[in-house]
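Asker: Mind looking at a prediction? Sequence and model below.
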Amino acid sequence: MTAPTRRAFLRDLGLGAGVLLLAACGQAAQPAAAPTPAPAAPTAAAAAAAAPAAAGGAKSNGTKLTVWGWQSFTPEGDKALGDQMQAWGAANKTQVEYVVVENSQFPQKLAASVEAKAPPDVVMLTGASNVLDYASRDLLADVSDVWKGTSTQSGGFWSFVDPLYKIGSTYYGIPFEAETSPLFARTDLIQQATGQPDPPKTLDDLTTICKKLNNPPTLYAWGFTLGRTPDCAGNTLNIIWNDGGTLVDKDGKVALNSPETVAALTRIKGWWDDKLIPPDSPTWDDTGNNAAFQKKQSAFVINPPSIYGWMVANDQDLLKNATMAAVPAGKSGTYSSSGAWSWSIFKTSKNSDGGKDLIHYLMDPKQLQAVYSQVGGRWFPIYQDGIKDEFWTSKPQFKFYPDLLKGGRDISYPAAPEANMFAALGEVQTRLIIPDMVQEIVVKGTPVADAVKKTHDAMVEVFKARGAKV
């Protein structure tokens, strides 16, 4: 399930549309970690190893740096990140305080610090829309030099992130991990149906396999989320994209009402009518599809890798008989909702050069992998060559991830990110307008075309209210 506090943060901001799709069904938040204390002075070797990777440019002026971060969902990952900051601080004669803020408190604490004009120097944000929100209010420092110095390392960033962190040509965030929502698939059941364990490549193939496997009430093959929940929005947008529809056009105007969207929703209605989806799916919250897959009651679900983490910890047999794959292609292709967590610097920092140098150090591919290995599968490499590390090559369940991220999309696709549009899309998400469309169709029996038009009109009203293009 998702960490509800992350969703609450985005709801409070009225933003975070892209990350809402990805946050759904993340692992439950861990207990809050205390601020990382300053340890005993590192050894000379440790301090030398912490020498920043950046060559040239301004360095820390020695003023203390305060860094706030979200919980990584693993205390070990939080500690690994904090230890790296302490090593950098020792090498640069700068005190670094890494505060891992409890997720339920993060939004209020950050908002209060901004209001008081006393935010942290460096902050971790969980969605590009959050970055653009703060940047559009002239609160974040220009980190284009850090982007230039880091984005081409180790094969470069995944291409989907490039337009997400800038206004014009200026970058305000540096992504440090990549995430997406793959198709979880039972390879043992697929083999029963097709003679091969390979996941279906098209939505038509998925439908065919589901019909062969379906065995109610023991197994409803397709654990597609239909509840009034962000997971439903994410699942549905995947199908809309794959069948050629979008929420907005290239100019950022509402574009939901299209033949492609109608075709996608007609496909979903067909799955429901054929009883391939569990009958209680319209009442699911964001734990529903997790539970269906983990209890072996569904052969397929779309979800972030929290299910993978659950299988590692709880069911090795299921892990051996499951994989993650690209959501099968529709009439237009296969695309995934992809996002990233990132670092930004507030303009009020008295040591912004030090903050930049610290981020540059943390972005070293080896440093990142050291943290990834502690976080497990929850944070995936932001660098394309990062997947060559043995930690990832030894996990066959992740072999499809590169294809997912190459086809990664933000919720605003095909429009360039823009603050008012993101705010409007955030409200569409938090008001569950897309799940309401699905419920109109599968619960109330509203004709698909009518439900799509009604939802399009509702989006237009939100966009007008938010000052976005319509």
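Answerer: Yep, that arrived. Computed from a predicted model, the values in this text were never measured in an experiment.
Asker: hey, let's count contacts and neighbours off CA atoms from now on
Answerer: Noted.
Asker: Which residue ranges of this structure form strands?
Answerer: 65-69, 96-100, 122-125, 166-167, 170-171, 174-180, 183-186, 300-302, 322-325, 336-345, 408-409 (DSSP state E).
Asker: in the protein, what spans have low per-residue confidence?
Answerer: Along the chain, the parts satisfying pLDDT under 70 run over 1-58.
Asker: how does it divide up, domain by domain?
Answerer: Following automatic domain parsing, one gets these domains for the chain: 4-180+339-409, 183-336+414-465.
Asker: would you list the ones you listed in a markdown table and tack on mean neighbour count?
Answerer: Shown next, in a markdown table, are the domains of the chain (neighbours: other C-alpha atoms under 10 Å):
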| stretch | mean neighbour count |
| --- | --- |
| domain 4-180+339-409 | 20 |
| domain 183-336+414-465 | 21 |
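Asker: just to revisit the earlier point, Gln369 is nearest to which of the strands of the chain?
Answerer: strand 174-180 (10.0 Å; C-alpha to C-alpha).
Asker: what angle sits between that closest one and strand 336-345?
Answerer: 160 degrees (axes from the mean of the first three to the mean of the last three C-alpha atoms, to 10 degrees).
Asker: now for the strands of the chain, which one comes closest to Val248?
Answerer: strand 408-409 (12.6 Å).
Asker: Identify the neighbouring strands of that closest one in the sheet and state each direction.
Answerer: strand 336-345 (parallel) (DSSP bridges).
Asker: next one: the partner strand to chain centre, how far?
Answerer: 7 Å (C-alpha atoms, centre = their mean, to the nearest Å).
Asker: Please export the alpha-carbon coordinates of stretch 379-389; PDB is fine.
Answerer: Presented in PDB, the C-alpha positions along stretch 379-389 are these (Å, rounded to 0.1, in the frame of the first residue of the first chain):
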ATOM      1  CA  TRP A 379      14.900   3.100  -5.300                       C
ATOM      2  CA  PHE A 380      16.000   2.200  -8.800                       C
ATOM      3  CA  PRO A 381      19.100   3.700 -10.400                       C
ATOM      4  CA  ILE A 382      18.600   7.100 -12.000                       C
ATOM      5  CA  TYR A 383      21.600   6.500 -14.200                       C
ATOM      6  CA  GLN A 384      21.100   4.200 -17.200                       C
ATOM      7  CA  ASP A 385      24.300   2.300 -16.600                       C
ATOM      8  CA  GLY A 386      23.500   1.800 -12.900                       C
ATOM      9  CA  ILE A 387      21.600  -1.300 -13.800                       C
ATOM     10  CA  LYS A 388      24.800  -3.000 -14.700                       C
ATOM     11  CA  ASP A 389      25.700  -3.400 -11.000                       C
END
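Asker: So what touches that stretch?
Answerer: 151, 153-158, 175-179, 340, 365, 368-369, 372, 393, 402 (C-alpha atoms under 8 Å, 6 or more residues apart in numbering).
Asker: can you map out the helices along the stretch 351-470 of the chain?
Answerer: 352-362, 365-375, 390-393, 401-406, 419-430, 433-442, 448-465 (DSSP state H, counting those that start in this stretch).
Asker: Now Ala329: closest residue in space that isn't a chain neighbour?
Answerer: In this structure, Ala329 finds its nearest non-sequential neighbour in Thr202, 4.3 Å apart by C-alpha to C-alpha, 6 or more residues apart in numbering.
Asker: And the one you found, how far from Ile239?
Answerer: Per C-alpha to C-alpha, to the nearest Å, Thr202 is found 11 Å from Ile239.
Asker: cool, Ala419 as well?
Answerer: Counting by C-alpha to C-alpha, the gap from Ala419 to Ile239 is 26 Å.
Asker: Could you tell me how far stretch 168-187 lies from the centre of the chain?
Answerer: For stretch 168-187, the distance to the chain centre is 6 Å (C-alpha atoms, centre = their mean).
Asker: Could you do stretch 224-241 as well?
Answerer: 15 Å.
Asker: Over to stretch 386-394?
Answerer: 20 Å.
Asker: again with stretch 65-73
Answerer: The answer for stretch 65-73 is 17 Å, by C-alpha atoms, centre = their mean.
Asker: again with stretch 179-192
Answerer: 19 Å.
Asker: Can you give the contact residues for that stretch?
Answerer: Stretch 179-192 has contacts (C-alpha under 8 Å, 6+ apart) with 22, 196-199, 209, 213, 299-305, 321-328, 336-340, 378-380, 401, 404-405, 408.
Asker: now do stretch 342-360
Answerer: 52-54, 58-65, 85, 88, 117-128, 131, 139-141, 143, 146, 149-150, 172-177.
Asker: okay, how far is it across that stretch, tip to tip?
Answerer: First residue to last in stretch 342-360 (C-alpha to C-alpha) measures 12 Å.
Asker: and if you look at stretch 380-399?
Answerer: Start-to-end, stretch 380-399 (C-alpha to C-alpha) is 12 Å.
Asker: before we move on, what about stretch 270-289?
Answerer: For stretch 270-289, the end-to-end distance is 19 Å (C-alpha to C-alpha).
Asker: can you check stretch 130-148 too?
Answerer: Stretch 130-148 end-to-end distance (C-alpha to C-alpha) = 21 Å.
Asker: next one: stretch 373-392
Answerer: 9 Å.
Asker: hang on, the earlier thing: of all the helices of the stretch 351-470 of the chain, which lies closest to Trp222?
Answerer: That would be helix 433-442 among these, by C-alpha to C-alpha, at 15.1 Å.
Asker: The helices of the stretch 351-470 of the chain into CSV, with extra columns for distance to Asp274?
Answerer: What follows is the helices of the stretch 351-470 of the chain, written out as CSV (distance: least, C-alpha to C-alpha, whole Å):
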stretch, distance to Asp274
helix 352-362, 50
helix 365-375, 40
helix 390-393, 38
helix 401-406, 28
helix 419-430, 28
helix 433-442, 12
helix 448-465, 16
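Asker: Ser72 is nearest to which of the ones you listed?
Answerer: When those are compared by C-alpha to C-alpha, helix 365-375 sits nearest Ser72, at 6.7 Å.
Asker: Just list the residues touching the residue nearest to Ala329, thanks.
Answerer: Here Thr202 is in contact with 328-330 (C-alpha under 8 Å, 6+ apart).
Asker: which one is Ser136 nearest to, not counting chain neighbours?
Answerer: Excluding its sequence neighbours, the residue lying closest to Ser136 (C-alpha to C-alpha, 6+ apart) is Ala419, at 6.8 Å.
Asker: to the chain's geometric centre, what's the distance from stretch 421-431?
Answerer: The answer for stretch 421-431 is 16 Å, by C-alpha atoms, centre = their mean.
Asker: Use 48 as the first number for this chain going forward.
Answerer: Sure thing, new numbering starts at 48, so read that last one as stretch 468-478.
Asker: so what's Lys297 closest to, chain neighbours aside?
Answerer: Ala462 (4.2 Å).
Asker: Against Gly109, how distant is that neighbour?
Answerer: Ala462 is 41 Å from Gly109, by C-alpha to C-alpha.
Asker: same deal with Ser383?
Answerer: 43 Å.
Asker: Kindly report the same for Tyr218.
Answerer: In terms of C-alpha to C-alpha, Tyr218 sits 25 Å off from Gly109.
Asker: ok, now Lys453?
Answerer: 40 Å.
Asker: try Leu405
Answerer: 12 Å.
Asker: How about the contacts made by the nearest residue to Glu307 once chain neighbours are set aside?
Answerer: Nearest residue to Glu307, sequence neighbours excluded (C-alpha to C-alpha, 6+ apart): Gly292, at 4.8 Å. Gly292 sits next to 303, 305-308, 311 when contact means C-alpha under 8 Å, 6+ apart.
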